[in-house]
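# just the structure for this:
(2 chains)
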Protein chains: 2
Amino acid sequence: MNYEPQTGDVVEIRTEKALYKGTIMPRHEFSRDDILILKLENGYNMGISLKNILSVSLIEKGDMGGVKHGGKRPEGKGKKVTIFSTGGTIASYVDYKTGAVHPAVSSEDLLFSVPELANIADMEAKVLFSVLSEDIGPEHWKKMALESGKALNSGSEGVIIAHGTDTMGYSSAALSFALRNLNGPVVFVGSQRSSDRPSSDATMNLLSAARVAISDLGEVAVVMHANTSDDYCHIHRGTRVRKMHTSRRDAFKSINSEPIGRADSEGAELRDYRKRSGGEVEILPNFEEKVALLYSYPGLDAETIEFSLSRSKGAVIAGTGLGHIKPALIDAMKNAILDGKPVVMTSQCLYGTVDMNVYSTGRELIKAGVINGGDMLPETAYVKLSWALANIDGGDIAEFMKTNVAGEIGERRFL
Amino acid sequence: MNYEPQTGDVVEIRTEKALYKGTIMPRHEFSRDDILILKLENGYNMGISLKNILSVSLIEKGDMGGVKHGGKRPEGKGKKVTIFSTGGTIASYVDYKTGAVHPAVSSEDLLFSVPELANIADMEAKVLFSVLSEDIGPEHWKKMALESGKALNSGSEGVIIAHGTDTMGYSSAALSFALRNLNGPVVFVGSQRSSDRPSSDATMNLLSAARVAISDLGEVAVVMHANTSDDYCHIHRGTRVRKMHTSRRDAFKSINSEPIGRADSEGAELRDYRKRSGGEVEILPNFEEKVALLYSYPGLDAETIEFSLSRSKGAVIAGTGLGHIKPALIDAMKNAILDGKPVVMTSQCLYGTVDMNVYSTGRELIKAGVINGGDMLPETAYVKLSWALANIDGGDIAEFMKTNVAGEIGERRFL
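Residues are numbered from 1 along each chain as shown, chains lettered A, B, ... in the order given. Coordinates of the predicted model:
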């Protein structure tokens, strides 16, 4: 064939069995060389084996050739927004051999898949790493914090972090503690359906995130679908958000707090939020890795608590109800506390606040020195403790855990 | 004083400082001998030290004298309902020395506090045990199952179990697996506010539970406030219910399923439910104690999984998203599975269903032999596995976990 197929071109491909019309999708590092990926008009991507292709005819030349890895789009409005790719569905591709979704490795995929981003700002894309979010932890939080702070301190209006949804709430909490005095927004965004599916939420989420990124927000936020329609997104505070559904596009919910606003491709509306600071972002990117998050359940025994605490510098308990655990387990926690390891109580109910003054078990926990996590999410308390152990003097940690730093805990003081 | 104060009497008590009018409350095993407990007209209970009492005048003789521990009320409608007390707020009392709430020990407190119960059925009360619910586990499940089955097989129309709210969902799931072919309802009920407080939900919850107990339901259910008004209760299926708020009266929610009905003091309305069987209840009350419930989080390491699995006969993972965990932890799970220990995947999102076919991590988990927990709650899967390990042949457990037994899992087959 004379015509050399290029990413972005609309083409018609003839195989022995059928005729396909669609747009040629970019290649990934892991793409098989012998397969061409086509986005069909029904929105689905499909992989076509090169050896089955009889002919390819150009229908319309693509205009996406100018997108470069780490590069800048020619259009835009003079505002620079940095978009970091970390992996996850929003930057993932389907392996046409197995049908499974793998993390993609290039930020240009994001820009390519949503060209309208260029109408909102000058997008500068960079791949930070490329892992599925179940594998993201303290070392990744550090890198995201450092790079986001650096971008904001060197001219970016805002930062977008494309992130897998599984642990996005942990990461958004982490950056909320690691980045202080934010002079611009750090916006986490993901998608629940990969962009090769017609029902993908990637486009609206990304455009909404870009609108938030150029708003006057000075906080870490998560921007995801507000409902199952493609209407608008909620803007969630980074410390108050949790993935509450395995697959729905509106899986993310603010817990014990209202969303701080809404956004769509046209703009963002904020309420009860912290505005951009005038100064430099302060970057405190270190986290202690050895922190345990223990879920309380009827069969939990003292030996398991002892084992976990012996390997950790501190622990967060997701207790039952108002913050309870089997009384027989309190001694194991007390001993760790006497060894200088802070233990924080939260509730597996998720909604509501810990109150250890109501029942006798709670009073015993207070006596043992367990710290009241108030209305913090267990995951947020875990991340906050991990940050505290790397940044705060041991004697001040209990006080710090009860003090509101980034909207993560109700202003009411928790005893 | 000539008049001898008796439980149920409305009296006026004069102390040096004030005059109190109220109803004399029953004594508890743990009540201090030197304190008299009065339910004031504003709904609050208060303890008055005997040594401060100058005089007690009888205003109205109480008619609650006929309630005996384990006894039967004279009124009723000829239907017998057995009410078991296990502890918890609904059967708790305030220690007026410390202000903390302790478990009460007598079922007559329940009957006394809600005399209208007698208009619904002949209530027969029995104390099974008296512990706060954070301390309830497999041995208590066994006792509740045995006693409930026995009551239903010897003439009770229905069984009510007054239970602490913290772990009520675990216990209702347990009895759902332990009691088969139910010829009447087993209704768990609790309260989020102790009955000495005017905002207590105990009365409406108990009356609604009694209505469900004489309905034609043949399932284990949880009956609790549907909203924050005192309108009506939801009837939740025992395997689908979770405490989703630390303190609200409508804390209990059906997850991945609608409530199976609603009830108030006048009646109960059911939908999509299993009716009473004609025969005898089959009682399979054994549970394996050594089962782990592991919550996945960024800092979870292979050693902790290995330790937990080495002490357990099986484990349930509350993974992230569609059912994921850090790939580095899969080997630890695989080794346990090769040792014949089943590992079941559920999601910490709570809502939605596990699907391990979408992402590469999920496929690795399937390859390792991890069982798909579908849309089961992590807590329900934990209880089901605990039941399975005590009742099902090892080789059949994977199949059993994926099969719907008591409405705990969607009918769609999970691979």
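# and A:Asn286, how many neighbours?
Applying other Cβ atoms under 10 Å in any protein chain shown, we find 15 residues neighbouring A:Asn286. Heads up, the C-betas are built off the backbone N, CA and C, glycines and all.
# residues in contact with it?
A:Asn286 makes contact with A:Lys142, A:Ala178, A:Trp387, A:Ala390, A:Asn391, according to Cβ atoms under 8 Å, 6 or more residues apart in numbering or on different chains.
# cool, and A:Gly137?
Listed by Cβ under 8 Å, 6+ apart, the contact partners of A:Gly137 are A:Glu289, B:Pro298, B:Gly299, B:Lys326.
# at 7 Å instead, please
B:Pro298, B:Gly299 (Cβ atoms under 7 Å, 6 or more residues apart in numbering or on different chains).
# mind checking pLDDT for it?
Listed pLDDT for A:Gly137 reads 96.
# need the three-state assignment for the closest residue to A:Ile392 other than its chain neighbours.
What sits nearest to A:Ile392 in space, not counting adjacent residues and going by Cβ to Cβ, 6 or more residues apart in numbering or on different chains, is A:Phe400, at 5.0 Å. Using DSSP: H, G, I helix; E, B strand; the rest coil, the secondary structure recorded for A:Phe400 is helix.
# isn't A:Phe400 right up against A:Ala390?
No - between A:Phe400 and A:Ala390 there is no contact, the gap being 12.0 Å when judged by Cβ atoms under 7 Å.
# so how far is B:Tyr295 from A:Gly137?
Distance from A:Gly137 to B:Tyr295, counting by Cβ to Cβ, to the nearest Å: 15 Å.
# do A:Val56 as well
Counting by Cβ to Cβ - A:Val56 and B:Tyr295 are separated by 51 Å.
# how about A:Ala213?
Counting by Cβ to Cβ - A:Ala213 and B:Tyr295 are separated by 32 Å.
# and if you look at A:Phe84?
28 Å.
# so which residues of the stretch 301-415 of chain A form strands?
Counting by DSSP state E, counting those that start in this stretch, one finds strands in the stretch 301-415 of chain A at the ranges A:314-319, A:343-347, A:371-372.
# want to throw the ones you listed into a markdown table with mean pLDDT and mean neighbour count?
Shown next, in a markdown table, are these (pLDDT from 0 to 100; neighbours: other Cβ atoms under 10 Å in any protein chain shown):
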| stretch | mean pLDDT | mean neighbour count |
| --- | --- | --- |
| strand A:314-319 | 98 | 28 |
| strand A:343-347 | 98 | 28 |
| strand A:371-372 | 96 | 26 |
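# would you turn the ones you listed into CSV with distance to chain B?
Below are the strands of the stretch 301-415 of chain A laid out as CSV (distance: least, Cβ to the nearest Cβ, whole Å):
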stretch, distance to chain B
strand A:314-319, 7
strand A:343-347, 5
strand A:371-372, 12
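# want to throw those into JSON lines with distance to A:Thr15?
What follows is the strands of the stretch 301-415 of chain A, written out as JSON lines (distance: least, Cβ to Cβ, whole Å):
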{"stretch": "strand A:314-319", "distance to A:Thr15": "53"}
{"stretch": "strand A:343-347", "distance to A:Thr15": "56"}
{"stretch": "strand A:371-372", "distance to A:Thr15": "64"}
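# out of these, flag the one nearest A:Thr23.
Nearest to A:Thr23 among those is strand A:314-319; the distance by Cβ to Cβ comes to 46.0 Å.
# for that closest one, list the C-alpha coordinates in PDB.
What follows is strand A:314-319, C-alpha atoms only, in PDB (Å, rounded to 0.1, in the frame of the first residue of the first chain):
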ATOM      1  CA  GLY A 314       2.000   3.400  64.400                       C
ATOM      2  CA  ALA A 315      -1.400   2.200  63.400                       C
ATOM      3  CA  VAL A 316      -4.900   3.300  62.500                       C
ATOM      4  CA  ILE A 317      -7.800   1.100  63.600                       C
ATOM      5  CA  ALA A 318     -11.000   1.000  61.600                       C
ATOM      6  CA  GLY A 319     -13.100   0.100  64.600                       C
END
